[in-house]
Structure formats: structure tokens, C-alpha cells
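K.L.:
sequence-free structure coming up:
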């Protein structure tokens, strides 16, 4: 167990809908990252939050947004969903060590858009 | 930005044989190189990492080597076992923050009993 909690594990919805994915980082970790992994694809970095503030953006669509709350949990909001948004969404947390990031991933949310 | 290439994309070995996965990176400023293992349907897990001031690191049956001059690093798994079957991702980091951590495209390793 990595200590990173993601809910829900599975989500099935229809095109055009909006969903919210939730992540709680490891105790003491200030950074939360969101990644998208499509079938047989690598890990695509979406966005990073650090202590409540957006720190970095990757390949995140404008239909997607995220936030990190004072208790450091984070939510990823996906709206106007399309079939191509079906993927495994991972949250990860870290505390910088020695100038680099050791990421600890949650178990992921499998999103299926029908 | 950094570009990480990983080869091969798939690899099959007989149980007990060794497996080698290679990655190259483009940015000479990269100084941290982790490897993640992702079993089917599960989360990526950090299995070993190496910093740029070290040429080799071992942990039981796995080892990572780094050649800074050539800008490539490799994962070596010896005495492979069926439970080593997974997708392995290399990554290179040029500094703190996930925006500075770049993943390879993954290698699907299958260990045949």
C-alpha cells in the first residue's frame, strides 16, 4: 500500500457528463500529481499541486480542472466527457528528497465513457 | 524539454534468464533516474532509482546502470521469475516537480515459466 488513496476505483458514465475523481496523498506529502494512462500507453502528466497551489501543468485539456484543498486532498474534475477520455487516472504524491521527486501512486480510477 | 526513449517495447524471457531494458535521455541536466514497475491493473511502483553521481546501483536481483556520457541508463533483472512480468517504465528528472519528470513509453516484460 503506497498510502495514496483514490476514489472511486471505477467510474462508468456517458458522453457529455462531468465526473470528479478524488485523491488523498500520503501523510506529510504536500504535492499531488495527476496522470492519465490510456490503454497500452505511458503515463501522461496532467497537473501538479503543491500545498494548495497549482505548481505545474502538463497535457491537461481545458475541459479538465483540478484543485487541492486545505487538508491537501485533491480533486480532478473532468467535464463534457468524450469517448477518448476513457482511461486510467492516477494520482501520486511526493515529498522532494535530494532535489528530485519520488512519486508514490494511488491505485487509480478507471474511467469508462460510453 | 527532456525526451526519454525506452527499448524494447516488449520483451519475453525464459524464467531464470536475465532481462535488460534500456533508456536514453536527451537533456544532460537530468540527474535522477527512477524505474517503475506496473503489474497488470495495478499502480506503478518505484522499484529502484539512481542519481547522476552514481554509475550503478543494485538491489537484490535488480540493478540499474547509468552512462552519463552516452546519456543512457539500463535496468537489469537477473534470475527472472514469473512475478517479474509487468510493464516497466523508466524516467528522467531534471529537478524537483513532476513537470520535470519525464517517463519512457514502457516495456512489457513477460517471463515464461
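P.N.:
Thanks, I have it. All of these numbers come straight from a predicted model, not from anything done at the bench.

K.L.:
hmm, the helix or strand bottoming out on mean pLDDT in chain B in reach of chain A?
P.N.:
Lowest mean confidence among the helices and strands of chain B (mean pLDDT, DSSP states H and E): strand B:101-103, at a mean of 86. Yes. Interface with chain A: strand B:101-103 contributes B:101, B:103 (Cβ under 8 Å from any Cβ of the partner chain). C-betas here are computed from N, CA, C, even on glycine.

K.L.:
Can you give me the separation between residue A:42 and chain B?
P.N.:
Plainly put, residue A:42 is 5 Å away from chain B if you go by Cβ to the nearest Cβ, to the nearest Å.

K.L.:
Next one: residue A:100, what pLDDT does it get?
P.N.:
What the model reports as pLDDT for residue A:100 is 62.

K.L.:
Quick check: chain neighbours aside, which residue is closest to residue A:25?
P.N.:
residue A:93 (3.3 Å; Cβ to Cβ, 6 or more residues apart in numbering or on different chains).

K.L.:
May I see the buried residues of the least confident helix or strand of chain B?
P.N.:
Across strand B:101-103, burial judged by 16 or more other Cβ atoms under 10 Å in any protein chain shown covers B:101, B:102, B:103.

K.L.:
coming back round to it: partner strands of the helix or strand hosting the residue nearest to residue A:25, with direction?
P.N.:
Using DSSP states H and E, residue A:93 sits in strand A:87-94. Sheet pairing of strand A:87-94 (DSSP bridges) gives strand A:31-37 (antiparallel), strand A:104-105 (antiparallel), strand A:109-113 (antiparallel).

K.L.:
Buried ones in it, by neighbour count?
P.N.:
Going by neighbour count (16+ other Cβ under 10 Å), the buried part of strand A:87-94 is A:87, A:88, A:89, A:90, A:91, A:92, A:93, A:94.

K.L.:
From one end of stretch B:4-18 to the other, what's the distance?
P.N.:
23 Å (Cα to Cα, to the nearest Å).

K.L.:
er, stretch A:9-23 actually
P.N.:
End to end - Cα to Cα - stretch A:9-23 spans 11 Å.

K.L.:
Just checking that stretch against chain B, any contact.
P.N.:
No. Counting by Cβ under 8 Å from any Cβ, chain B has no neighbours in stretch A:9-23; the shortest distance is 10.4 Å.

K.L.:
With that, I have no additional questions.
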